[in-house]
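Novice: Give me the fold of what follows.
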Amino acid sequence: MKPQQLFTLDAPQPEPESEPGCGFVCRVRASLPALGVIAVAIASSVVLTLGGCASSAGIASTAQTLAPVNVGLDAAAVVPAVVIDWWRGFDDPALNSLVERALADNPSLKVAQARLARAQAAVAGARAADGPQVNGSLDATRQRFSANSIYPPPLGGGIYTLGTAQIGGSWECDFVGRNRAALEAAVGTQRAAQADAQAARIVLASNVARTYVQLGRLFEQREVAARALESRDETLALIRQRVQGGLDTNVELRQGEGALPETRQVIEQLDEQIALGRHALAALTAQPPNALDALSVRLASVQAVPLPAAVPADLLGRRADIAGARWRVEAATSDMKNAQAQFYPNVNLTAFVGLSSIGLDRLLKSGSEQYGAGPATHLPIFDSGRLRANLSGKATDRDAAVESYNATVLDAVHDVADQIGSMRSIARQQAEQVGAQAAAESAYDLATQRYKAGLGTYLTVLNAELNVLTQRRLSADLKARALDVQIALIRSLGGGYTNPGELS
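Specialist: Below is the predicted model:
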């Protein structure tokens, strides 16, 4: 008996005649049964999507954000918002120039901007994942077909060139919100990076201003020391006259002579600190160390800042660090939603159209067309606990983000309360110090006059001088500290931060 032939390589048969002008429309009509099959497959995929096999039961995030009332925020406390260029309120052109240069050139801000750009790119990538994907391919493969496979001779055992030119597309049907959650997580991370960039800007501006104030304090301290050196030089000349006249002894002379090098040593120490302060400002403004060697700072009068009776309730929306921490909570929440969506099937619609032939010379001939479409469904059934471990990790990440947010809120509230308390205390100290310095200056003048008149001793003058120097130094310290705390309070109240997107 002649064996039955499973495959034949007959010459290509002509296509059946169709109605005149039918063309592509007739092919679509002929494909309607196939389209029905595809529709049934899609519906089946949706049904599978509604009931995944793996389970996420028992895994949840338990941390809760603190309520404003529980951290001491007062809804009745009203404080004007800090303007974005708050340093201009000190009316110091040199300070304005330094802050603006730092904001333009400091590398730390550029690092924060680079992180923001990376987060923005991640958002674009997450958004693209939810759209259709189209790819083209062009392949040419020289292949020998097995003589013992399903292909009979002459194809089996022969060597042919396979050619394919194809365009394919796919689109993921995000029935369970996997891609949407990934996009929300990326947006949350981007908003957090945006808040971080503004926080870096605020911190840099305040650091420049505070370093500038401390440099001004050193200049005032040096001025006090220079006045003391001049006064002690005059006093030494008077002591020498009194020693020559027999009114004082060499004891007073040696005391007067010893006071001069001591004062010069203090001045030298202050000059060193001034140089280091200039170097610090140069580093903050991205300049060479000697760029500010000619800078001289004089502290302006303390600018008044409205003090709240309590920590304002809108503090949570004013601070970049709090906003960044909150956006990280939102991003972690979306990451957890994405991890939960991994338990359900994902459905991809795929389609392709192109040309394929055995032999490149036939690739562009009639009959080489091929096309197809249909859904592809992936259903997680058993993965040894990988999905549950991933979800558990995301839940833990959210708990950590929530607690980090709570810690940031508590730190911010205490920070504002500390600055308010310090400013009130400094104001009271300054009021007392003004009276103490006036008394010390008067006592020093009287002691000097009595000594010049021969009615007092040098020891009395020396004690009065030490007292007045202490008060002058304290006055400079309190003035600088009042400015420093004021800048710290401005930063604590937001430093001019503007939230680009409110959380729902």
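Novice: what's stretch 184-197 in contact with?
Specialist: Stretch 184-197 is contacted from outside by 109, 112-113, 115-116, 118-120, 122-123, 125-127, 320-321, 323-325, 327-328, 330-335, 337-338, 497, 499-501, using CB atoms under 8 Å, 6 or more residues apart in numbering. For the C-beta atoms, the positions are set from N, CA and C on the backbone; glycine is no exception.
Novice: List buried members of the residues you listed by neighbour count.
Specialist: Buried members of the contacts of stretch 184-197, counted by 16 or more other CB atoms under 10 Å: 109, 112, 115-116, 119-120, 122-123, 126, 320-321, 323-325, 327-328, 330-335, 337-338, 497, 499.
Novice: Next secondary structure element downstream of the helix or strand where Ala182 lies?
Specialist: Secondary structure from DSSP states H and E places Ala182 in helix 178-244. Toward the C-terminus, helix 178-244 is succeeded by helix 250-284 as the next helix or strand (DSSP H and E).
Novice: Packing partners of that next one?
Specialist: Counting contacts by 3 or more CB pairs under 8 Å, 6 or more residues apart in numbering; DSSP states H and E, helix 250-284 is packed against helix 93-105, helix 178-244, helix 458-492.
Novice: Who are the packing partners of the helix or strand immediately after it in the chain?
Specialist: Per DSSP H and E, helix 250-284 leads on to helix 315-318 as the next helix or strand towards the C-terminus. If you count contacts as 3+ CB pairs under 8 Å, 6+ apart, helix 315-318 packs onto helix 320-341, helix 386-452.
Novice: Give me the angle between the longest one and helix 458-492.
Specialist: Our comparison of helix 386-452 with helix 458-492, counting by axes from the mean of the first three to the mean of the last three CA atoms, to 10 degrees, yields an angle of 150 degrees.
Novice: what distance separates helix 386-452 from the centre of its chain?
Specialist: 24 Å (CA atoms, centre = their mean, to the nearest Å).
Novice: How about the shortest one?
Specialist: From the chain centre to the centre of helix 320-341 is a distance of 14 Å (CA atoms, centre = their mean).
Novice: Could you export it as CSV, CA atoms only?
Specialist: Output of helix 320-341 as CSV, limited to C-alpha atoms (Å, rounded to 0.1, in the frame of the first residue of the first chain):
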residue,chain,number,x,y,z
ALA,A,320,9.0,71.5,52.0
ASP,A,321,10.3,68.7,54.2
ILE,A,322,6.8,67.9,55.5
ALA,A,323,5.4,68.0,51.9
GLY,A,324,8.1,65.8,50.7
ALA,A,325,7.5,63.2,53.5
ARG,A,326,3.8,63.2,52.7
TRP,A,327,4.4,62.7,49.0
ARG,A,328,6.6,59.7,49.9
VAL,A,329,3.7,58.3,51.9
GLU,A,330,1.5,58.7,48.8
ALA,A,331,4.1,57.1,46.6
ALA,A,332,4.5,54.2,49.0
THR,A,333,0.7,53.7,49.1
SER,A,334,0.6,53.5,45.3
ASP,A,335,3.5,51.1,45.3
MET,A,336,1.5,48.9,47.6
LYS,A,337,-1.5,49.1,45.3
ASN,A,338,0.7,48.1,42.4
ALA,A,339,2.0,45.1,44.5
GLN,A,340,-1.6,44.0,45.2
ALA,A,341,-2.4,44.3,41.5
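Novice: okay, the helix or strand following it in CSV with CA atoms only?
Specialist: Per DSSP H and E, the first helix or strand lying C-terminal to helix 320-341 is strand 346-358. Below are the C-alpha coordinates for strand 346-358, written out as CSV (Å, rounded to 0.1, in the frame of the first residue of the first chain):
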residue,chain,number,x,y,z
ASN,A,346,-2.7,40.9,33.2
VAL,A,347,-4.2,40.9,29.7
ASN,A,348,-2.2,42.1,26.7
LEU,A,349,-3.8,42.7,23.3
THR,A,350,-1.3,41.9,20.5
ALA,A,351,-1.5,42.3,16.8
PHE,A,352,0.9,42.0,13.9
VAL,A,353,0.9,42.5,10.1
GLY,A,354,3.6,41.9,7.7
LEU,A,355,5.2,39.7,5.0
SER,A,356,6.9,36.3,5.3
SER,A,357,8.3,33.9,2.7
ILE,A,358,10.7,31.1,2.1
